[in-house]
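Participant: quick check, what structure comes out for this input:
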Amino acid sequence: MPAAATSDVASAANEPHAGVDDGPHKRDLIAGLEKGLAVIEAFDQERPRLSITEVAERTGLTRAAARRYLITLQHLGYVQQDRKLFGLSPKVLRLGQSYMHSARLPRVIQPQLQKLAYAMQEASSAGVLDGNDVIAVAAASAGRVVSATLQPGTRVPAYCTSNGRVLVAALPNDALDAWLERQSLDALTPHTITHPERLRLELLRARAQGYAAVDQELELGLRTIAVPLRNFRGDVVAAMNVSVHAARMRMDQLVEQCLPALLHAQEQLRTLL
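Facilitator: Sure thing, here's the model as predicted:
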């Protein structure tokens, strides 16, 4: 075989392939789409209105590039402008609705959530891990308004929520360690665990016992218990919880009364996910 051909074969063997752990080739990615979505994600509850400079700072874009992306998104109807400040428009909800209406996961989980919520007469939600957060993909309240975070599309920190802890606990050890290292453990309430080693112990406890119970770490008055949801292969694909108000139920009652129903729903969903 010619030397040049041998060199080409060696290069091909060492080159990462799309679809494996290394991810797709850079040449296959559309940078403009990535940056445009980053601009949309720059807005959140704490910063619903941003200037061009603030968008640039939050996305790593130049000010000129941030301006062009904002103007484009405004032209498409996804961004609104009020003087020098920009904000997302209601049209952005179409992106989330496209997922909720087309994805199989929420449609499969929702009936079990409703059964669970009405059987317990408490709120229930399911979520998936997205970086440092949990995104709710389905929810049912049975008329109980426990927290504004318990509705589809809401994003909450994983470290102080029951859904988040069972999802992180399901990660391999090296991935769990890496996840812990990048957390900023802010004290959202006086009950929030903010020490990394103590949080690690809680994650390992959740892994060992198969559920996580969290007492008012995200919000005062909010107690939750969650179990992981596995598919037929045993992979954790989501988490499901029951949430109660602290005035109605102690932590020991939460485990005693709600865990059996959660485990039953978990088993029912395993053959469907």
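
Participant: ok, the nearest residue to Thr271 once chain neighbours are set aside - contacts?
Facilitator: In space, and not counting its chain neighbours, Thr271 is closest to Phe232: 6.1 Å by Cβ to Cβ, 6 or more residues apart in numbering. For glycine as for every other residue, the C-beta is placed from the backbone atoms N, C-alpha and C. Taking Cβ atoms under 8 Å, 6 or more residues apart in numbering as the criterion, Phe232 is in contact with Arg270, Thr271, Leu273.

Participant: so where's this protein shaky on pLDDT?
Facilitator: For the chain, applying pLDDT under 70 flags the ranges 1-22, 100, 144-145.

Participant: pull the residues that contact stretch 104-121.
Facilitator: So stretch 104-121 is contacted by 99-100, 123-126, 128, 137-144, 152, 229, 237-238, 240, 242, 257-258, 261-262, 265, 268-269, 272-273 (Cβ under 8 Å, 6+ apart).

Participant: again but with stretch 61-73, I slipped
Facilitator: Stretch 61-73 is contacted from outside by 35-36, 38-40, 52-53, 55-56, 59, 79, 81, 86, using Cβ under 8 Å, 6+ apart.

Participant: domain assignment for this protein?
Facilitator: Structurally, the chain divides into domains by automatic domain parsing as follows: 3-93, 103-270.

Participant: quick one: end-to-end length of the longest one, please.
Facilitator: For domain 103-270, the first-to-last residue distance is 17 Å (Cα to Cα, to the nearest Å).

Participant: please check the contacts of stretch 61-73 and keep the buried ones.
Facilitator: For the contacts of stretch 61-73, a burial check counting by 16 or more other Cβ atoms under 10 Å picks out Lys35, Gly36, Ala38, Val39, Ile52, Val55, Ala56, Thr59, Val79, Phe86.

Participant: okay, and which of those map to strands?
Facilitator: Among the buried ones among the contacts of stretch 61-73, the members falling in strands (DSSP state E) are Val79, Phe86.

Participant: could you redo the buried ones among the contacts of stretch 61-73 as a markdown table and give each row distance to Asn132?
Facilitator: A markdown table is the format used below for the buried ones among the contacts of stretch 61-73 (distance: Cβ to Cβ, whole Å):
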| residue | distance to Asn132 |
| --- | --- |
| Lys35 | 21 |
| Gly36 | 22 |
| Ala38 | 16 |
| Val39 | 20 |
| Ile52 | 26 |
| Val55 | 21 |
| Ala56 | 23 |
| Thr59 | 17 |
| Val79 | 25 |
| Phe86 | 25 |
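
Participant: in helices only, show me the buried ones among the contacts of stretch 61-73.
Facilitator: Among the buried ones among the contacts of stretch 61-73, the ones falling in helices (DSSP state H) are Lys35, Gly36, Ala38, Val39, Ile52, Val55, Ala56, Thr59.

Participant: can you show me the helices along the stretch 1-150 of the chain?
Facilitator: Remark: helices of the stretch 1-150 of the chain, listed N- to C-terminal, are 3-14, 31-41, 52-59, 63-76, 93-102, 104-120; assignment by DSSP state H, counting those that start in this stretch.

Participant: and those helices: which comes nearest Trp179?
Facilitator: Proximity to Trp179 (Cβ to Cβ) singles out helix 31-41 among these, at 19.4 Å.

Participant: max-length helix in the protein?
Facilitator: Criterion DSSP H: the longest helix present in the chain is helix 251-270.

Participant: list the helices and strands the helix or strand containing Glu197 packs on?
Facilitator: Assigned by DSSP states H and E, Glu197 belongs to helix 196-209. Helix 196-209 sits against helix 162-169, helix 173-181, strand 212-215, with contacts defined as 3 or more Cβ pairs under 8 Å, 6 or more residues apart in numbering; DSSP states H and E.

Participant: what are the pairing partners of the shortest one, and which direction each?
Facilitator: Read it as strand 212-215. The strands beside strand 212-215 in its sheet (DSSP bridges) come out as strand 222-230 (antiparallel).

Participant: what separates Arg230 from Leu203, distance-wise?
Facilitator: Here the criterion is Cβ to Cβ, to the nearest Å. By it, Arg230 lies 17 Å from Leu203.

Participant: likewise for Arg27?
Facilitator: Taking Cβ to Cβ, one finds Arg27 at 38 Å from Leu203.
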